[in-house]
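Asker: got a sequence here, can you build the structure:
(2 chains, ligands or ions: 1)
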Amino acid sequence: MNRRDFLAGTMTTALAASAMTPQARGRAAPKAGGPLVDVNVTLGQWPTRRLPLDSAERLARKLREHGVQQAWAGTFDGLLHKDLGTANARLAETCRRVGGGLFKARGSVDPTRPDWEDEVRRCVDVHRMRGIRLHPNYHGYRLDHPAMGALLKVAAAARLIVEIAVVMEDERMMHPLMRVEPVDTAPLPDLIRAVPGSRVVLLNALRTVRAKPLLELMATGSVWVEVSMIEGLGGIRAILDQVPRDRLLFGSHAPLFYFESAWLKLVESSLADRELESIRWKAVQALD
Amino acid sequence: MEIWDLHAHLSGVPGDTPEARLGHLLEYADRMGVGRLCVFMGMEWSYDPTPEKLREDNDQVLRAIRAYPERAFGFVYLNPRHTQASLDELNRCVRDGPMVGVKLWVAERCHSASLDPLVERARELGALIFQHTWIKITGNLPGESTPMDLVALAKRHPTANFVCGHSGGDWEMGLRAIRAHPNVHADLGGGDPAAGLTEMAVRELGVDRVLYGSDIGGRSFASQLAKVHGAELSAASKRAILGENLRRLLSPILNAKGVKT
Ligand SMILES: [Zn+2]
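Answerer: Prediction:
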């Protein structure tokens, strides 16, 4: 991909979005850039708000319009439902039915619940998932819980990617009955080192996990992060001082966030072609 | 269509001087298609600035915008706990200088009577009044205003134009709070790009009262522009939010100062 083409395509789309029909917008999207993989979308309904794109069909259309070819999808039901097995089955069914292969389901697992191992088994054997998603703060445990080590072992044995959602929304505006702290990732580096073959993707991490804790995670060589919560002027450029290029993935946190936020970050930071390519798909290819 | 950004800062931006920082911001603004920036507060922030600190902050903004008069507009930073110093700054920076708006932050909750002389003078000068607001479930700062505080102030000054900073932060509450008060506009800037914000603002306030702003420095252009580019709204609505509304609000004072809009 040529960066100028990408930028031109992106900006055309972004700035002229208002004046375009969805079809025209689709044509303007940067397809020349090769694959774009979004590792952070969620299907279903956010518990406290209807979102403009909280139908899988509408989200798929938005992602396709922007050239996304694969989207790793968890389920909002995974936050608060106790019966995660059924939530995951629904997610898998939606991912099969909608989007023509766009969505790759990521079942929710809580390793502190009875017989959680069977949840993992179903994700692998029944639904053929390549990864699972954890919500430790919504499920009420910390990463130093003994079950975390067990889960990482099971996941590594099954060659599953483990995604951990560090936050879902701004702590300052949470529903009073749904307040949780960001996940504390401090125990992770030791846990990961103890389980060879671990592959962990931290979602929504880069607002709260910075500097030394982030460097320690990167030093394990087994942790990836994504761009959805990067902020500040030219934020991706700045984070590349702390995160090796091949550890930084594209994640939008759609539909809870406007998809265009992550997408425009690729434009705001002036990135070299190699960097863009890596964030868009190469880094994730090595992981998947 | 030109994008006008209601909400930019010199803090959190690389550069040793105000001009260098604004120049840096404008490089990114160019890349993101943003034409003009409203800039307020200095290179280092203070919750409760002394009169000296106010002058220092405003001097930095003056230096910055004088270097880019076609691209950046200044809002004067005031502290209602220092009435005369704030009035002096208003006269110095708006009446006698190039600034076109007022910024009020977290020194004092804005329903206080101490804001009345400042608002009255700003109204006489035709300046747009930007008040930071937030409703935090984690607890506001002692002097931090809510949108409800701003409504109390706006009711006392029905012909002054106010901006409700961050749409109240917890925007589903903030937008409702200001809904019935047509002289209060919503700033979309500074929060997460939570989907549905812009659609709700337009639905509840009408498109004319919704303004794009980034809070750049602390945020990215990308996440904040996405709130408009990504919204399920008509092309005409997006143009209004991205620039036309702010241009309409600022045109009288800009034109009086000889700035072409
Ligand atoms: Zn601000």
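Asker: return the residues in contact with A:Arg106.
Answerer: Contacts here follow Cβ atoms under 8 Å, 6 or more residues apart in numbering or on different chains; on that basis A:Arg106 touches A:Trp72, A:Ala73, A:Gly74, A:Leu91, A:Met129, A:Gly131, A:Ile132, A:Arg133, A:Glu163. Using the backbone N, CA and C atoms, a C-beta is placed for each residue, glycine as well.
Asker: burial measure for the fourth one, as a count.
Answerer: When you say that, I think you mean A:Leu91. For A:Leu91, the count of nearby residues is 30 (other Cβ atoms under 10 Å in any protein chain shown).
Asker: so it sits in a helix?
Answerer: Yes - judged by DSSP: H, G, I helix; E, B strand; the rest coil, A:Leu91 forms part of a helix.
Asker: next one: it from A:Ile132, what distance?
Answerer: 11 Å (Cβ to Cβ, to the nearest Å).
Asker: for the last one, same thing?
Answerer: As judged by Cβ to Cβ, A:Glu163 and A:Ile132 stand 7 Å apart.
Asker: of those two, who's got more company?
Answerer: Using other Cβ under 10 Å as the criterion, A:Glu163 and A:Ile132 rank with A:Ile132 on top: 27 against 24.
Asker: could you pull out the strands for chain B?
Answerer: B:3-8, B:34-39, B:72-78, B:101-104, B:128-131, B:162-164, B:184-187, B:210-211 (DSSP state E).
Asker: look at B:Ile3 and report its pLDDT.
Answerer: Predicted confidence (pLDDT) for B:Ile3: 98.
Asker: against chain A, how distant is the residue lying closest to B:Leu254 once chain neighbours are set aside?
Answerer: Using Cβ to Cβ, 6 or more residues apart in numbering or on different chains and skipping residues adjacent in sequence, the residue nearest B:Leu254 is B:Thr261, 5.2 Å away. Look at B:Thr261 and chain A: by Cβ to the nearest Cβ, to the nearest Å, they are 20 Å apart.
Asker: so where's chain A uncertain?
Answerer: Residues of chain A meeting the criterion pLDDT under 70: A:1-33.
Asker: closest to the centroid, which residue in it?
Answerer: A:Asn40 (2.2 Å; Cα atoms, centre = their mean).
Asker: what helices or strands is the strand or helix carrying it leaning on?
Answerer: Per DSSP states H and E: A:Asn40 is located in strand A:37-43. If you count contacts as 3 or more Cβ pairs under 8 Å, 6 or more residues apart in numbering or on different chains; DSSP states H and E, strand A:37-43 packs onto helix A:56-65, strand A:70-75, helix A:84-97, strand A:200-203, strand A:223-226, helix A:283-287.
Asker: centre of the chain to that strand, how far?
Answerer: On the basis of Cα atoms, centre = their mean, to the nearest Å, strand A:37-43 sits 5 Å off its chain's mean C-alpha point.
Asker: A:Gly101: how many residues sit nearby?
Answerer: 10.
Asker: what of A:Arg142?
Answerer: With other Cβ under 10 Å as criterion, A:Arg142 counts 13.
Asker: hmm, back to that, residues touching the residue nearest to B:Leu254, list them.
Answerer: So B:Thr261 contacts B:Arg247, B:Leu250, B:Ser251, B:Leu254, B:Asn255 (Cβ under 8 Å, 6+ apart).
Asker: what does the pLDDT read for the closest residue to the third one other than its chain neighbours?
Answerer: Taking Cβ to Cβ, 6+ apart as the measure, B:Ser251 lies nearest to B:Thr261, with 4.8 Å between them; neighbours along the chain are not counted. On the pLDDT scale, B:Thr261 is placed at 86.
Asker: for A:Trp116, see how far away B:Thr261 is.
Answerer: Distance from B:Thr261 to A:Trp116, by Cβ to Cβ: 61 Å.
Asker: same check on A:Ser278?
Answerer: Distance, A:Ser278 to A:Trp116, using Cβ to Cβ: 34 Å.
Asker: so between those two, which is more surrounded?
Answerer: Neighbours per residue (other Cβ under 10 Å) separate A:Ser278 from A:Trp116, with A:Ser278 holding more: 23 against 18.
Asker: in contact with the closest residue to the more buried one other than its chain neighbours, which residues?
Answerer: When the adjacent residues along the chain are set aside, A:Ser278 lies closest to A:Arg245, with 4.8 Å between them (Cβ to Cβ, 6+ apart). Contacts for A:Arg245 (Cβ under 8 Å, 6+ apart) come out as A:Arg274, A:Glu275, A:Ser278, A:Ile279, A:Ala283.
Asker: from these, pick the one nearest chain B.
Answerer: A:Ile279 (13.4 Å; Cβ to the nearest Cβ).
Asker: that closest one against A:Leu240, yeah?
Answerer: No - shown here, A:Ile279 and A:Leu240 do not form a contact pair, counting by Cβ atoms under 8 Å, at 9.2 Å.
Asker: so what sits against both of those two?
Answerer: A:Leu248.
Asker: the two: which is more packed in?
Answerer: Neighbour count, other Cβ under 10 Å: between A:Ile279 and A:Leu240, A:Ile279 has more, with 27 against 18.
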